[in-house]
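Q: My questions are about this predicted structure, shown below with the sequence.
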Amino acid sequence: MKSKSTLSEEQIRPKNLIKRIKKSIINDQNFLLKRKKKFKKVNCPACNNRRNYFYLKKNGFNYLICRSCKTFFVSPRPSPKILDEFYRSSKVYKFFNEFIFPQTELSRSKKIVKPRLDKLIKLMGKYKLKMPSLIEIGPGYGTFCQLAKKSKKFSSIIAVEPSKDGYLNCKKKNIEVYQNTIENFKIKKKFDLVVNFEVIEHLFSPKIFLSSMKKLLKKNGFVIFTCPNGMGFDIQLLMKQSDSIDHEHLNYFNPKSVEKLLNNCGFKLIEVFTPGLLDVDIVRNKVLEGNFNLEKNNFLKDIIIDNYRDKGQKFQKFLTENCLSSNMWVIARNKQ
């Protein structure tokens, strides 16, 4: 049985609001597909392997999978210039900023952002980071920086946000924020800790992104980020029906491949884990809505549908504890 504190998909993505943006999602997809002739082919974004093969196709986008590290990724993909134009004009992002984030901020703060901060503070204790200087890349609505500031666990906090809406959101919360991309951002100060949450999967070049973060770090400084686990339960089960596989997400790393990416960027992987809480809930909702069928999988049907109250959260706990959830945390250290 779910406890009152358990996170549900509805709390962060209310169906009544999500239904209103379906047309905008299609418009955003078409914005990119109209520029498909200018898309760029890429090697594996984790290990740069050229030996990749077709994995799936969804909404006009091709996904390849690396033969070596099993990262799957969009290729050909929108160029950095196209992506910049896309995020500046996206109607979906505008709707999230104007409606979804404001209406779900309380539940997101309580169920996602506060636990995220608590997890980060616990990691700081584990790795002996006392009152570190912090920089967040891509703060979006600014809730994390706001809570981090209130915690008084950091000697300084700044944020770098490329979008105008995100920048203004942070300014309203009295966060020291700079409107820029991490690749173009310059500052003399070096930081103990660089964090970003659900950013790296959106980027044309994760390697350039991580290399840019490295320049901001002190010697032996830490980078901590979250992203989808491409080999996580709900993504691998739902595949084309997975909402995590969409036109915005270009890179799907996994616990093994992310280590190769970090090594290539001058970092040492310290720890990776998957503390996701929504895999079972996401699959269950897809089945109940008639968008996915488990009739041929009696094992999962028993857990996720028939005996969900008794087994659902126990199964989610198993996924979380065995690096099988589709939400991944990565902790790495500057090698220099």
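A: Looks like it arrived, so ask away. Residues are numbered from 1 along each chain as shown.

Q: CA atoms for contacts and neighbours, from now on please.
A: Will do.

Q: what's the closest non-adjacent residue to the residue positioned nearest the centre of the chain?
A: Against the mean C-alpha coordinate of the chain, by Cα atoms, centre = their mean, the closest residue is residue 198 at 2.2 Å. Leaving aside its sequence neighbours, residue 198 sits nearest to residue 227 (Cα to Cα, 6 or more residues apart in numbering; 4.8 Å).

Q: and if you look at residue 249?
A: residue 202 (4.8 Å).

Q: Wait, that neighbour touches residue 246, no?
A: No. Using Cα atoms under 8 Å, residue 202 is not in contact with residue 246, being 10.1 Å away.

Q: Next one: residue 101, what pLDDT does it get?
A: Residue 101 carries a pLDDT value of 77.

Q: Now for the residue nearest to residue 249: which residues touch it?
A: Contact partners of residue 202, counting by Cα atoms under 8 Å, 6 or more residues apart in numbering, are 248-251.

Q: now do residue 189
A: Neighbours of residue 189 in contact, by Cα under 8 Å, 6+ apart: residue 216.

Q: how does it look with 7 Å?
A: Counting by Cα atoms under 7 Å, 6 or more residues apart in numbering, residue 189 makes contact with nothing.

Q: Return the distance of it relative to residue 133.
A: 10 Å (Cα to Cα, to the nearest Å).

Q: Likewise for residue 55?
A: Residue 55 is 41 Å from residue 133, by Cα to Cα.

Q: Look up how far residue 216 lies from residue 163.
A: For residue 163, the distance to residue 216 - Cα to Cα - is 20 Å.

Q: quick one: which of those two has more around it?
A: residue 216 (22 against 19; other Cα atoms under 10 Å).

Q: how near is the residue nearest to that one when sequence neighbours are not counted to residue 151?
A: Once flanking residues are discounted, residue 216 sits nearest to residue 190: 5.1 Å by Cα to Cα, 6+ apart. Counting by Cα to Cα, the separation of residue 190 from residue 151 is 22 Å.

Q: Which one's more surrounded, the two?
A: Neighbour tally, residue 190 and residue 151, criterion other Cα under 10 Å: the higher count belongs to residue 190, 17 against 12.
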